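**Q** Below are the sequence and a predicted model; questions follow.
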Amino acid sequence: MSTAGSKAPAGWVNPLLDGRDKRLPRIAGPCGVVIFGVTGDLSRKKLMPAMYDLANRGLLPPGFALVGFARRDWADENFAELVHDAVREHARTPFREEVWARLCEGVRFVPGSFDDDASFDDLASVVAELDQQRGTGGNHAFYLAIPPATFPVVLKQLSRTGLAAPAGDQWRRVVIEKPFGHDLRSARELNDIVNDVFPEESVFRIDHYLGKETVQNILALRFANQLYEPIWNSHYVDHVQITMAEDIGLAGRAGYYDGIGAARDVIQNHLLQLLALTAMEEPLSFSPGSLRGEKIKVLSATKLAEPLDETTARGQYSAGWQGGTKVDGVLEEPGFHDSTTETFAAITLNVDTRRWAGVPFFLRTGKRLGRRVTEVAVIFKRAPHLPFETTMTEELGQNALVIRIQPDEGVTIRFGSKVPGTAMEVRDVTMDFRYGTAFTESSPEAYERLLLDVLLGEPSLFPVNAEVELSWAILDPVLEHWAKCDRPEPYAAGTWGPPSADRMIAMAGRTWRRP
């Protein structure tokens, strides 16, 4: 029996103090970030504001450095002004002059083009100077906010100058934005190009959806609660619908979007990652290796339902009404007049595991749909026996658990309840959990979480080669099939997609949820 003056055994940790320490925020060590493509919308609207927000929350080191590289004849002051304006306009947290002043001290700019050796030599010199002046310790992340076609030349320059090679216990990391290739073949080629310069453990592929609190809440909902996991299988689940709907059109992005389309832009990455988190088995731990291992297993077991004529659908939005405003169709967008690229895509998938055998997964995404919403809806089977007269339950649907990822983040459970009155009448009701009202602290932006994870070397939320290639292997047959078909089917703006999408799910004996 211990006494007040007794000495704790070697290696013993007070569990109360240990628990408290684990709840402390994670703070990045000495480091810097170099952004290629720093003048683009991604950098201005997402990356720079996210870095300021991290600094404002005290999660960046005092000597943090930010270097921009672009073909602009700018001095450091010009770039600092760009960062300042982007932060003031797009930051999530309040602007504070003292935070900005501290962050601004580490801002640098290097002008040049990707194929100019001298510009990258200058970049290497600036990075070395920051190590001395700011104490970044040789730790740098290189963010490629640029088209994938320019990756090879930038990576070659990083290798030539030694910027990609850390010394001693330093680290160098590369961050890549989607799309990760155009198909399976190009994805493998891109992975080979990147891994020739950076080892896989130093490659961070950004899928910003995986940084959203509600996406991560799928794991908490499933594995932190005894309530759901026992019924999270084919004995109780009828089917799963995963939807990402946008109410906007291409908005001047026709040049980028043409040839990519809804399936490549959203299904290959966002929606298949949501499927993996929904269908995966419980990992041994929440370590990066365990999480990735389970996602890879479930993606390996995911197959397209056939025939593809009946289990897939695609469309292009035509003119219609959106929020009381008359809007043009996609073929009226500049540069898109003769395009056969889809703005709506839906596919049916089966997960060939014991848990999910016989449960179809319906994935859909589109632009100019009824409203902006992203959700995972787990639809349960009807009760095997209802001891009621038919008239008592004629308005009763199927139980559902809906995880709303955006914009109204939360979880809804739909179930049957008696209507008040003298008669036994059962109707659907819902229970809602909303992030905005349940917690006093607002959720950080996805890029805040992901950028901090890059600087901490925490890879759990970043897809690896195998996940990217398996996702393309699932989608490629659909894209090849559509390439042989006629034009995508038109659907009016403001509706929920083409009639073929309704026929697709009806062939399986189900109907789409109206989010």
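**A** Nice, thanks for sending it over.
**Q** When you work out contacts or count neighbours from here on, use the C-alpha atoms and nothing else.
**A** OK.
**Q** Going along the chain, name the helices of the stretch 1-150 of the chain.
**A** When assigned using DSSP state H, counting those that start in this stretch, the helices of the stretch 1-150 of the chain occupy the ranges 15-23, 41-42, 48-56, 76-90, 97-104, 117-133.
**Q** contact partners of the longest one?
**A** When you say that, I think you mean helix 117-133. By Cα atoms under 8 Å, 6 or more residues apart in numbering, the list of residues contacting helix 117-133 from outside reads 65, 106, 108, 110-114, 136-138, 157-158, 161-163.
**Q** ok, 7 Å please
**A** In this structure, residues lying in contact with helix 117-133 by Cα atoms under 7 Å, 6 or more residues apart in numbering are V110, P111, G112, S113, T136, G137, G138, Q157, T161, L163.
**Q** Tell me how many other residues crowd the fourth one.
**A** The tally of other residues near S113 (other Cα atoms under 10 Å) stands at 15.
**Q** List the contacts of T374.
**A** Per Cα under 7 Å, 6+ apart, neighbours of T374: T243, M244, A245, R404, I405, Q406.
**Q** Can you classify it by secondary structure?
**A** Secondary structure, DSSP: H, G, I helix; E, B strand; the rest coil: T374 is strand.
**Q** if you skip the residues just before and after it, what's nearest to it?
**A** Once its chain neighbours are removed from consideration, T374 has its nearest residue in M244; the separation is 4.2 Å (Cα to Cα, 6 or more residues apart in numbering).
**Q** ok, so what distance separates that neighbour from V266?
**A** In this structure, M244 and V266 are 8 Å apart, going by Cα to Cα, to the nearest Å.
**Q** Between the two, point out the one with more neighbours.
**A** A direct count of neighbours by other Cα under 10 Å for M244 and V266 places M244 higher, at 22 against 19.
**Q** Shouldn't the more buried one be within a strand?
**A** Yes: residue assignment for M244, taken from three-state DSSP, places it within a strand.
**Q** what bridges to it?
**A** T365, T374 (DSSP bridges).
**Q** Would you confirm that it contacts G370?
**A** No: in this structure, M244 sits apart from G370 without contact. The criterion is Cα atoms under 7 Å, and the distance is 11.3 Å.
**Q** Run through the residues that contact the residue nearest to the spatial centre of the chain.
**A** Residue closest to the average C-alpha location in the chain (Cα atoms, centre = their mean): Y209, at 1.8 Å. Y209 makes contact with H270, A446 under the criterion Cα under 7 Å, 6+ apart.
**Q** quick check: domain ranges of this protein?
**A** The record's domain split for the chain, according to automatic domain parsing, is 26-177, 210-507.
**Q** Of all these, which one is nearest R514?
**A** Proximity of those to R514 was assessed by Cα to Cα; the nearest stretch is domain 210-507, lying at 8.5 Å.
**Q** Now do the closest one: distance to the chain's middle.
**A** From the chain centre to the centre of domain 210-507 is a distance of 12 Å (Cα atoms, centre = their mean, to the nearest Å).
**Q** now it: mean pLDDT?
**A** Confidence over domain 210-507, taken as the mean pLDDT, stands at 89.
**Q** Need the single longest helix in this structure, by residues.
**A** Of all the elements of type helix in the chain, the one with the most residues (DSSP state H) is helix 465-483.
**Q** who wins for most neighbours among the contacts of helix 117-133?
**A** Note: the member of the contacts of helix 117-133 with the most neighbours is T136, at 25 neighbours, neighbours being other Cα under 10 Å.
**Q** pretty sure it is touching A28, no?
**A** No: counting by Cα under 7 Å, T136 does not reach A28; the two are 10.9 Å apart.
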